[in-house]
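Peer 1: When you get a sec, could you give me coordinates for this:
(chains A and B)
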Number of protein chains: 2
Amino acid sequence: MTIEIASENRAHGGRQLVVSHASESTSTEMRFSIFLPPQAEAGGKLPVVWFLSGLTCSPMNVTEKGEYRAACAELGLIFVAPDTSPRGENVPTDSSGGWDFGLGAGFYVDATEEPFARHYRMWSYVTEELPALVASEFPADMGRQGITGHSMGGHGALTVALRNLGRFRSVSAFAPIVAPSQVAWGTKALGGYLGSDEAAWRPHDAVALIEDGARVSDLLVDVGTDDPFLDSQLRPDLLEQACVDAGIPLTLRRQPGYDHSYYFISTFMAEHLRWHSERLR
Amino acid sequence: MTIEIASENRAHGGRQLVVSHASESTSTEMRFSIFLPPQAEAGGKLPVVWFLSGLTCSPMNVTEKGEYRAACAELGLIFVAPDTSPRGENVPTDSSGGWDFGLGAGFYVDATEEPFARHYRMWSYVTEELPALVASEFPADMGRQGITGHSMGGHGALTVALRNLGRFRSVSAFAPIVAPSQVAWGTKALGGYLGSDEAAWRPHDAVALIEDGARVSDLLVDVGTDDPFLDSQLRPDLLEQACVDAGIPLTLRRQPGYDHSYYFISTFMAEHLRWHSERLR
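Peer 2: Here you go, the predicted structure:
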């Protein structure tokens, strides 16, 4: 595997990198950002927190606006932010011009429908290819991984964690889409990438996965009460009920006055990183 | 004075606003951002830190990337970020297409040269009009003001503080242009806005102001050793010598490996805000 450092900046005593590489999963060049905290200079391996981003985002949104570096530097956490879809001239996108499907909206699935099946393989990318690359190129302790994400990326974090219980010691989410099978963003994406047979959607629906027996040890979720997508797309109530039924300890915090933006994410980022750090020690 | 709230987001327990208003100084609409920390809800007045931004920036750069809200929320500081120039279809800019003059590059002076004299009145805007507006519309204790800034905005912060000793209790800067009369960015801007008589430049040159007797009680300046503009445009050595000669206590920190970006600014933002807070109590 060959990586190219697209940019490197010293920040909070560590190194903030943007890395590009040829991806076998997506058959495109992919970019991700990775923050190596100051503790990485000492030579040992460090725990990793994955951040999966939301609709329309590249890795740069959280890298610039997420305010994670101070906490990662304090706690000794590596922070990795993958992209949200394949990109490039040959990559098909939403024929209707929407921003909720196609480019920037890969939904962390391996598409089976044409014309998306070749490039839109974000499940394989974030669960297999990128972790292998990070493990080989950076001082990441793959026995101590946590995962979080925002909105579509919260959906990604929950489904990835629920299907990889042994791999992730900690999972949290900011304003996640918890039941894509039941909301407009999700049905458009899952239908478009996976086809109309809803049986194929269940492994990519956190609430359905929990109903089908998948488990995590515990879960931290923040949502803003002024999030315009709260009742239409996110539906934290469905996750709450599923966790009650399944006996999963869920800390669901409805944060008064917060919206769906990075102002919300950055406010609670340090608390999420502490949650992960406590479970990754 | 009439203001319009262009956006409002809850963040770190407070309110992050972007405000627009018709400016008498610049004869344009102007925008600034203001963060009101949670302590503003209690009804009292709070100290204010001004942040003057660098070349090419709008108020959004520091608002999105500056990582100031957590510290302001902890310390109870209002944080105001003005724009860096007038903007609009009728506002002239650099005829050669440069990014270091004209739009986004007002250099915090009142232009006397045509065609800039009408709109480019950033000195009046940041020292008179905007403080009056902030004092009238927000719970700002104008007896407790501090000022900081980055690059061109570091130049602005130093010159504004040096010429208003009674008004600012604290001053700091990130990678400031300390002697614009002696570097290419500065001579282009001061010549373009103020004309070729260098006597008119001295009130807008921090090192010249100190040589001419202006003083601040003390000063915190951070620069990055990997800043590509360090030796050509910033010249912290000139400020260091001027402060030694004048007996101004200068804390100049050469931060190893840091560059000119917001990764540098955000790393040291909280320390600067603590510096201000200690002097604004």
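
Peer 1: Wasn't residue A:49 part of a helix?
Peer 2: No. Using DSSP: H, G, I helix; E, B strand; the rest coil, the assignment for residue A:49 is strand, not a helix.

Peer 1: That one: neighbour count?
Peer 2: Applying other CB atoms under 10 Å in any protein chain shown, we find 28 residues neighbouring residue A:49. Where C-beta positions appear, they are placed from N, C-alpha and C, glycine not excepted.

Peer 1: buried ones in stretch A:50-57?
Peer 2: Residues of stretch A:50-57 classed as buried: A:50, A:51, A:52, A:53, A:54, A:55, A:57 (neighbour count, 16 or more other CB atoms under 10 Å in any protein chain shown).

Peer 1: Ok, stretch A:152-171 next?
Peer 2: Buried residues in stretch A:152-171 (16+ other CB under 10 Å): A:152-164, A:168-171.

Peer 1: So which of those are in helices?
Peer 2: Secondary structure defined by DSSP state H assigns A:152, A:153, A:154, A:155, A:156, A:157, A:158, A:159, A:160, A:161, A:162 of these to helices.

Peer 1: Centre of the chain to the helix or strand residue A:220 falls within, how far?
Peer 2: Assigned by DSSP states H and E, residue A:220 falls within strand A:219-224. The chain centre lies 14 Å from the centre of strand A:219-224; the measure is CA atoms, centre = their mean, to the nearest Å.

Peer 1: what about the next helix or strand after that strand, average pLDDT?
Peer 2: Later in the chain than strand A:219-224, the nearest helix or strand by DSSP H and E is helix A:236-246. For helix A:236-246, mean pLDDT is 98.

Peer 1: what comes up buried for the very next helix or strand once past helix A:236-246?
Peer 2: For helix A:236-246, the following helix or strand on the C-terminal side (DSSP H and E) is strand A:250-255. By neighbour count with 16+ other CB under 10 Å, strand A:250-255 contains the buried residues A:250, A:255.

Peer 1: Okay, angle between strand A:250-255 and helix A:236-246 too, please.
Peer 2: Counting by axes from the mean of the first three to the mean of the last three CA atoms, to 10 degrees, strand A:250-255 lies at 160 degrees to helix A:236-246.

Peer 1: quick one: buried residues of the helix or strand hosting residue A:81?
Peer 2: According to DSSP H and E, residue A:81 maps onto strand A:78-82. By neighbour count on 16+ other CB under 10 Å, the buried set for strand A:78-82 is A:78, A:79, A:80, A:81, A:82.

Peer 1: Mind putting those into a markdown table with distance to chain B?
Peer 2: Formatted as a markdown table, those follow (distance: CB to the nearest CB, whole Å):
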| residue | distance to chain B |
| --- | --- |
| A:78 | 16 |
| A:79 | 14 |
| A:80 | 17 |
| A:81 | 15 |
| A:82 | 20 |
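
Peer 1: Which two of the residues you listed have the greatest separation?
Peer 2: Maximum pairwise distance among these (CB to CB): 13.3 Å, between A:78 and A:82.

Peer 1: Show me what the helix or strand following the strand holding residue A:81 is packed against.
Peer 2: Counting by DSSP H and E, the next helix or strand C-terminal to strand A:78-82 is helix A:122-124. If contacts are counted by 3 or more CB pairs under 8 Å, 6 or more residues apart in numbering or on different chains; DSSP states H and E, helix A:122-124 sits against no helix or strand.

Peer 1: List the buried residues for helix A:122-124?
Peer 2: Those buried within helix A:122-124 under the rule 16+ other CB under 10 Å are A:122, A:123.

Peer 1: ok now that helix, how far from the chain's centre?
Peer 2: 11 Å.

Peer 1: tell me the contacts of residue A:218?
Peer 2: A:248, A:249, A:250, A:251 (CB atoms under 8 Å, 6 or more residues apart in numbering or on different chains).

Peer 1: how close does it get to residue A:202?
Peer 2: Distance from residue A:218 to residue A:202, counting by CB to CB, to the nearest Å: 23 Å.

Peer 1: try residue A:190
Peer 2: In this structure, residue A:190 and residue A:202 are 10 Å apart, going by CB to CB.

Peer 1: what residues do these two have in common as contacts?
Peer 2: Between them, residue A:190 and residue A:202 share the contacting residues residue A:181, judged by CB under 8 Å, 6+ apart.

Peer 1: Looking only at neighbour counts, state which of these two leads.
Peer 2: residue A:190 (22 against 15).

Peer 1: Doesn't that one belong to a strand?
Peer 2: No. If the criterion is three-state DSSP, then residue A:190 is helix and not within a strand.

Peer 1: roughly how far apart are the spatially most central residue of chain A and chain B?
Peer 2: Centroid-nearest residue in chain A: residue A:52, 2.0 Å away (criterion: CA atoms, centre = their mean). Using CB to the nearest CB, to the nearest Å, residue A:52 is found at 20 Å from chain B.

Peer 1: Please name the residues that touch residue A:253.
Peer 2: Contacts of residue A:253 by CB under 8 Å, 6+ apart are A:220, A:221, A:222, A:223.

Peer 1: Return the residues in contact with the first one.
Peer 2: It refers to residue A:220. Contacts of residue A:220 by CB under 8 Å, 6+ apart are A:171, A:172, A:173, A:251, A:253, A:272, A:275.

Peer 1: Spatially, which residue comes closest to it, not counting chain neighbours?
Peer 2: Excluding its sequence neighbours, the residue lying closest to residue A:220 (CB to CB, 6 or more residues apart in numbering or on different chains) is residue A:172, at 4.0 Å.

Peer 1: how much space between the one you found and residue A:81?
Peer 2: Applying CB to CB to residue A:172 and residue A:81 gives a distance of 15 Å.

Peer 1: Next, the angle helix A:152-162 makes with the strand holding residue A:220.
Peer 2: 170 degrees.

Peer 1: Just give the nearest non-adjacent residue to residue A:141, would you?
Peer 2: residue A:45 (3.8 Å).

Peer 1: related to what we said a few turns ago, mind putting the contacts of residue A:218 into TSV with distance to residue B:129?
Peer 2: Shown next, in TSV, are those (distance: CB to CB, whole Å):
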residue	distance to residue B:129
A:248	56
A:249	54
A:250	51
A:251	47
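
Peer 1: quick check, nearest of those residues to residue B:11?
Peer 2: For the contacts of residue A:218, the nearest to residue B:11 is residue A:251 (21.2 Å; CB to CB).

Peer 1: my read: the closest one touches residue A:221, true?
Peer 2: Yes. The pair residue A:251 and residue A:221 qualifies as a contact (CB atoms under 8 Å) at a distance of 7.1 Å.
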